[in-house]
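**Student:** no sequence on hand, only this structure:
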């Protein structure tokens with residue numbers, strides 16, 4: 001698995017061949033958007049970058065990382081945002097982090 005955050009990185013990964021999984025991680029907050037942490041990253045940010053990655057890589061299994069605050073408030077919100085990643089951004093799977101139940 002490798003991480004991609006934009007069309008150029010996704011294209012390079014696709015051309016290299018043999019990369020089964022590509023993650024569009026919320027770490028793009030620091031690496032592409034200049035934030036101090038992942039906390040300010042929004043669903044709008046993630047969907048924008050996930051769409052670019054999907055356009056650049058048609059060969060890997062693509063995973064979208066649900067950002068902080070996009071799933072914690074309710075199960076309905078989690079499912080709704082996961083569906084946006086699949087339907088609108090072309091992701092094949094979703095990643096989320098749970099620290100406690």
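**Tutor:** Cool, the structure landed. Quick caveat: nothing in here was measured; it's all calculated off a predicted structure. Numbering: from 1, shown residues only.

**Student:** local confidence estimate at the residue nearest to residue 28 when sequence neighbours are not counted?
**Tutor:** Using Cβ to Cβ, 6 or more residues apart in numbering and skipping residues adjacent in sequence, the residue nearest residue 28 is residue 5, 4.1 Å away. In this view, the C-beta of every residue, glycine as well, is placed from N, C-alpha and C. For residue 5, the pLDDT comes out at 97.

**Student:** also the one 10 residues further on?
**Tutor:** At residue 15, the pLDDT value in this model is 96.

**Student:** what are the buried residues along the helix or strand containing it?
**Tutor:** Secondary structure from DSSP states H and E places residue 15 in helix 7-16. Neighbour counts over helix 7-16 (16 or more other Cβ atoms under 10 Å) mark 7, 9-11, 13-14 as buried.

**Student:** which of those sits closest to residue 1?
**Tutor:** The shortest approach to residue 1 among the buried residues of helix 7-16 belongs to residue 13, at 10.1 Å (Cβ to Cβ).

**Student:** surely that closest one and residue 19 touch.
**Tutor:** Yes: with contacts defined as Cβ atoms under 8 Å, residue 13 counts as touching residue 19 at a distance of 5.2 Å.

**Student:** can you pull the contacts of the closest residue to residue 8 other than its chain neighbours?
**Tutor:** In space, not counting the residues next to it along the chain, residue 8 is nearest to residue 56; the distance is 7.0 Å by Cβ to Cβ, 6+ apart. Residue 56 sits next to 4, 6-11, 13-14 when contact means Cβ atoms under 8 Å, 6 or more residues apart in numbering.

**Student:** now swap in residue 87 and tell me
**Tutor:** Neighbouring residues of residue 87 by Cβ under 8 Å, 6+ apart: there are none.

**Student:** any idea how far it is from residue 11?
**Tutor:** Residue 87 is 23 Å from residue 11, where distance means Cβ to Cβ, to the nearest Å.

**Student:** phi and psi next, for residue 28.
**Tutor:** Main-chain torsions, residue 28, degrees, to the nearest 10: phi -60, psi -20.
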